[in-house]
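S.K.: sequence and predicted structure are below.
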Amino acid sequence: MKKILSHLTTVAVVVLAFVLGWFAWEHYTRAPWTRDARVRADVVTLSADVSGRIVSLGVQDNQHVDKGQLLLEIDPARYSLAVEHARRSVEVAKASLGQSEATIVSSQALLRQRQSEERRRRTLKERSAISGEEWEKSNTEVSVAQADLLRNLANLGLAQANVQLAIAALTQAELDLQRTRVESPVSGYVTNLLTRQGDYATVGGPLLALVDSDSFYVSGYFEETKLPRIGEGDRVDIELMSGEKFGGTVQSIAFAIADRENLPGGRLLANINPSYTWVKLAQRVPVRIRIDEGYAGKDKLRAGTTATVTVEENPKSQD
């Protein structure tokens, strides 16, 4: 009897170990969870649109800034002079345009006078009251007046173009002056500030980076075997390595990842690795997770920190 009981106990332990092992295997290979997740956020890199010495730096490292807040200012002196010079150029161009318009009026009046004189002399010539030479002279004067009018019209077009160019140059100068003040395009946090007052900013040169405080999300890297149990809109539980816990929602699942075994070959043909490894690891696919708006500690999140994500299984995701 004891021997039979001992055998039954052994069998029960083996069966229990098998069942527990099966559940453990199912949990680790199929259950939709991962320790490989990161807190992410959009980072805005600000660059200089104009060059010059930084005369004012109004922020510190890790400081929170609001959208539109002044971050730094580049020396505006020469850009203010450029604006003043452009304004004077506009005034000169407009004065030249006014002079051209006045010349046109004068040329038109002279042309009308010459044409009237030519008609009067033509009548006198027909009556033989004057010689043909006198009429030809008046006709020539009409042609000269017409040529002068055409030349002045061309000068008027040039003057109008010069006014437009001067206004465009003024707009550019005012824009450059405005860009000496670098303002925050988003609300966020200044991070890794290396710029200092007195540094020389170059066009296109990076000045500082901002972490958009409204863009935090979690990116979880799930094995491909777990994707059938994950769907957009599923609820998830998130636990940071530091211990904070909060909820979220599956926002989207990536549609492609890089294939390191398939690199472009000659003539853009697929270059397939001829060697085959017997052990194949499941690929990991990024899943974007929206953090609950009501999470009170959202302003304390740090991009790049590690998290564990567990998806609350939805029957619809398993169908």
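M.R.: Received, thanks.

S.K.: what separates the closest residue to Leu97 other than its chain neighbours from Ala95, distance-wise?
M.R.: Among residues not flanking Leu97 along the chain, Ala159 sits closest, at 4.2 Å (Cβ to Cβ, 6 or more residues apart in numbering). C-beta coordinates here come from the backbone N, C-alpha and C atoms, glycine included. Separation of Ala159 from Ala95 (Cβ to Cβ, to the nearest Å) stands at 9 Å.

S.K.: the two: which is more packed in?
M.R.: Here Ala159 and Ala95 are compared on neighbour count by other Cβ atoms under 10 Å; more neighbours surround Ala159, at 20 against 12.

S.K.: all strands for the stretch 101-250 of the chain, in order.
M.R.: Shown for the stretch 101-250 of the chain, the strands assigned by DSSP state E, counting those that start in this stretch span residues 181-183, 188-191, 200-201, 206-212, 217-223, 235-240, 245-253.

S.K.: closest to Arg120 out of those strands?
M.R.: Across the strands of the stretch 101-250 of the chain, Arg120 has its closest neighbour in strand 181-183 (68.5 Å, Cβ to Cβ).

S.K.: still on that earlier bit, among the strands of the stretch 101-250 of the chain, which comes closest to Asn139?
M.R.: strand 181-183 (65.4 Å).

S.K.: pull out the buried positions in the closest one.
M.R.: Of the residues in strand 181-183, those buried under the neighbour-count criterion (16 or more other Cβ atoms under 10 Å) are Val182, Glu183.

S.K.: so what strands line up beside it?
M.R.: strand 70-74 (antiparallel) (DSSP bridges).

S.K.: contact partners of the partner strand?
M.R.: Under the contact criterion Cβ atoms under 8 Å, 6 or more residues apart in numbering, strand 70-74 has outside partners 46, 48, 50-59, 65, 179-184, 190, 195, 197, 201, 207-208.

S.K.: how many neighbours does Glu211 have?
M.R.: One thing to correct before we go on: residue 211 is Val, not Glu. 21.

S.K.: could you dump stretch 139-158 to CSV, C-alpha only?
M.R.: Listed next in CSV are the C-alpha coordinates belonging to stretch 139-158 (Å, rounded to 0.1, in the frame of the first residue of the first chain):
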residue,chain,number,x,y,z
ASN,A,139,5.8,113.7,-88.2
THR,A,140,9.4,112.9,-87.1
GLU,A,141,8.8,114.8,-83.8
VAL,A,142,5.7,112.5,-83.2
SER,A,143,7.9,109.4,-83.7
VAL,A,144,10.5,110.7,-81.3
ALA,A,145,7.9,111.5,-78.7
GLN,A,146,6.4,108.0,-79.0
ALA,A,147,9.9,106.4,-78.6
ASP,A,148,10.5,108.6,-75.5
LEU,A,149,7.2,107.4,-74.1
LEU,A,150,8.0,103.7,-74.7
ARG,A,151,11.5,104.2,-73.1
ASN,A,152,9.9,105.9,-70.1
LEU,A,153,7.3,103.1,-69.7
ALA,A,154,10.2,100.6,-69.6
ASN,A,155,11.9,102.7,-67.0
LEU,A,156,8.6,102.7,-65.0
GLY,A,157,8.5,98.9,-65.1
LEU,A,158,12.1,98.7,-63.9
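
S.K.: in that stretch, what's buried?
M.R.: Across stretch 139-158, burial judged by 16+ other Cβ under 10 Å covers Asn139, Glu141, Val142, Ala145, Asp148, Leu149, Asn152, Asn155, Leu156.

S.K.: quick check: mean pLDDT of that stretch?
M.R.: Within the predicted structure, the mean pLDDT of stretch 139-158 is 79.

S.K.: quick one: contacts of that stretch?
M.R.: Under the criterion Cβ under 8 Å, 6+ apart, external residues in contact with stretch 139-158 comprise 97, 100-101, 103-104, 107-108, 110-111, 114-115, 117-118.

S.K.: cheers, nothing more for now.
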